[in-house]
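# sequence first, predicted coordinates after that:
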Amino acid sequence: MSDKRPAPAGTAVISDQAPEGSRRASAGSLRVRELTIALPGPRGMAEVVDGVSFDMAEGRTTGLIGESGSGKSLTAMALVGLVPDTAVVSGQVLLGEENLLTAGRARIRQVRGAEISVVFQDPSTALNPTMTIGDQVGEILWGRGVSRAQARERAVELLEHVGIPDAAHRVGAYPHEFSGGMRQRAMIALALAGEPRFILADEPTTALDVTVQARILDLLGRLRDEDNLSMLLVSHDLRVMSHVADDLVVMYAGRVCERGAARTVLRTPLHPYTGALVRSVPSVRVGSAIADPLPGSPANPFDRPPGCPFNPRCPRAEDRCRTEVPALREIAPGRLSACHFAEELS
Amino acid sequence: MTAMGLVHDTALPVRTGRGTLRRVLGAIPIVVFGLYVVAGLFGPLVVDYTPVEGDLDDRLLSPGSVLTDGSTALFGTDALGRDLFGQVLYGARTSVIIGALVVLFSGLVGIAVGSAAGYLRGTTDVVVSRVIDVLLAFPGILLAIVIAGVFDRSLAIVVIALSVTNWIGFARLSRSMTMSLREREWVKSATVMGIRRRRVVTRHILPFIAGPTLALATIEFAGAILAEAALSFLGLGLPAASVSWGQTIASGKEYLASAWWISAIPGIALAVLVICVGFTGDRLTRHFGRRQ
């Protein structure tokens, strides 16, 4: 990964038409428009993320869900300019009126941590084992004209804020002295240190015990409300999503297949893939209903089938699905789906 | 990888007799290496020796002979009647100083260049890699001979001549380690928090290179000492007024048949030092290799 960005020339022309979902596109949201990321594959460049558009609305949690390989993590990391060296990125990531994909390195460094921050999946690898927790939380502030002593005080405040008990003492501890859940709390404190408006949480609970997961999710929800943060939650776990997400973006094989408010998307999916996802979650409460797993294997973005990428696994697939790529279109107010038969599904 | 310490006794199982023996044997090279460093540092304070003064009445005396001034020459004397024990002690100091300076100098340059190439990749990496390829095309000692031969003999020139090829090892090690470390999550995490690249490299990458670099440094240290002796043997090393094992070995080669000790004793001193440093290096490599 590097902070490589595409040359400005090729990307600046895409106009911000945004016919869909501009409902909440105020200056306070982070807007992603036609984001395309191409990576070199076995047969030339492949668009692993293909024309993804969505908004991270102010004060809300946007869930980005999809199977592994659907490009969801790549999409999230591209918002802070962290893509593989070989990637070719186009489209727009708009912070206010500024396209971050064409911003210079110095500007990106200002944005990182202070405007957009990231909570990583596995806190045991995302924290430097040779530095104390306090130093890592405070490190972001050192480069911004804050003295070491002040940075440490701030680190203690932040650790208290994320619910680490006895923060004044634990600030000098090393990551290996923390439990998994505490480490993830420290990771969140780290992400908050630069007082960002947007937090990208990449599978923030996947590496944690189930009992700890809910507490971390509650913490993220509390912080979002208290600090008025906008959050992008990347996960493959529908239960996590139903717990915290306000809006949902469902990705399949690098494309958005459905978008809308989380509650309605999960209740009445307008895309067969979302429907299959919902049915594949085992429910403890119902007990009797055995989860209905999705047949076939996830689409390989390097080898996407023609037409709708989901057609080989879709129970409703017809000839049209194998030839014509379905466009993402508004089916109901605020509900978008990329299925030819979305109307019938509702 | 956790903390960087050499202490790992706690992790070992209960000691057996054989284990103790192995530990004692394993410690020997480190102790011997330490003795050389102590001898090099403090020996000259205890033993008086000046390379420009010798009593010709005492020339070519065998080890243990009594000199005209009544003192005993432990290692004998050379063709000019100079005490060999003093030469070996002062030579140890020269060797340790040269080795340390070369490792320090080439290590700093190598780590800076290597980590920059590994972190930035792209053009920087291509340029660095090609320069290294070109330098590797020459035998290191040949390049050192050319440089040392062109300039006047001095300590600085010897250190530079040996560093010209010595930094390559450090550069290659730190380049390859940086390339893998930069993909680690905490480096990405620091990067997306908007931390400056220089700080990312110094705080999130370099601490993890330190151990293996230390192991490499011992090997390069031994190599530098050998190369300095070779240069001095060829008359291209240190000024004639300084004491170097290479010079002593060279001055004794005409008397190998009659006075073997002149070449043999500094030669043995050199060989033992290089072997012990090598063992120490192996041990460090194993130590750090185990925790990777």
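Arrived safely. Numbering: from 1, shown residues only, chains lettered A, B, ... in the order given.
# and whichever residue of the stretch 51-200 of chain B sits closest to chain A, what is it in contact with?
Using C-beta to the nearest C-beta, the closest approach of the stretch 51-200 of chain B to chain A is made by B:Gly194 at 3.5 Å. Every residue, glycine included, has its C-beta placed from N, CA and C. Neighbour list for B:Gly194: A:109-114, A:140, A:143, A:194 [criterion: C-beta atoms under 8 Å, 6 or more residues apart in numbering or on different chains].
# for it, helix, strand, or coil?
coil (DSSP: H, G, I helix; E, B strand; the rest coil).
# A:Val234 now?
When classified by three-state DSSP, A:Val234 comes out as strand.
# if it is in a bridge, with which residues?
A:Leu64, A:Asp202 (DSSP bridges).
# okay, it and B:Gly99: tell me how far apart.
A:Val234 sits 52 Å away from B:Gly99, going by C-beta to C-beta, to the nearest Å.
# now do B:Arg197
Applying C-beta to C-beta, the value for B:Arg197 to B:Gly99 is 33 Å.
# neighbour-wise, which of these two wins?
B:Gly99 (29 against 15; other C-beta atoms under 10 Å in any protein chain shown).
# roughly how far apart are the more buried one and B:Thr218?
10 Å.
# show me the contacts for the residue nearest to the spatial centre of chain B.
Nearest residue to the geometric centre of chain B (C-alpha atoms, centre = their mean): B:Phe221, 1.6 Å. B:Phe221 makes contact with B:99-100, B:102-103, B:277, according to C-beta under 8 Å, 6+ apart.
# name the SS class of residue 69, please.
Chain wasn't specified; assuming chain A. A:Gly69 - assigned by three-state DSSP - is coil.
# wait, I meant chain B there
coil.
# how many neighbours does the nearest residue to it once chain neighbours are set aside have?
Once flanking residues are discounted, B:Asp69 sits nearest to B:Asp55: 7.4 Å by C-beta to C-beta, 6 or more residues apart in numbering or on different chains. Other residues lying near B:Asp55 total 14 when counted by other C-beta under 10 Å.
# B:Asp55: what's it in contact with?
Neighbouring residues of B:Asp55 by C-beta under 8 Å, 6+ apart: B:67-69, B:81.
# what of B:Leu35?
By C-beta under 8 Å, 6+ apart, no residues touch B:Leu35.
# re earlier: out of the contacts of B:Gly194, which are close to chain B?
A:109-114, A:140, A:143, A:194 (C-beta under 8 Å from any C-beta of the partner chain).
# out of the residues you listed, which one has the lowest pLDDT?
The lowest pLDDT within the ones next to chain B among the contacts of B:Gly194 belongs to A:Gly143, with 76.
# my guess is that one contacts B:Arg198. True?
No: A:Gly143 is beyond contact range of B:Arg198, at 10.0 Å (criterion: C-beta atoms under 8 Å).
# neighbour count winner among these two?
Neighbours per residue (other C-beta under 10 Å) separate A:Gly143 from B:Arg198, with A:Gly143 holding more: 17 against 11.
# what about the closest residue to the more buried one other than its chain neighbours, distance to B:Ser242?
Leaving aside its chain neighbours, A:Gly143 sits nearest to B:Arg196 (5.6 Å; criterion: C-beta to C-beta, 6+ apart). Noted for B:Arg196: a distance of 45 Å to B:Ser242, by C-beta to C-beta.
# doesn't B:Ala210 make contact with B:Leu284?
No: with contact defined as C-beta under 8 Å, B:Leu284 does not reach B:Ala210; the gap is 11.1 Å.
# higher neighbour count, those two?
B:Leu284 (21 against 12).
# OK, contacts around the more buried one?
Contact partners of B:Leu284, counting by C-beta under 8 Å, 6+ apart, are B:211, B:214-215, B:218.
# which of the residues you listed has the most neighbours?
In terms of neighbour count, B:Thr218 stands highest of the contacts of B:Leu284 at 22 neighbours, by other C-beta under 10 Å.
# fine by me, we can end here.
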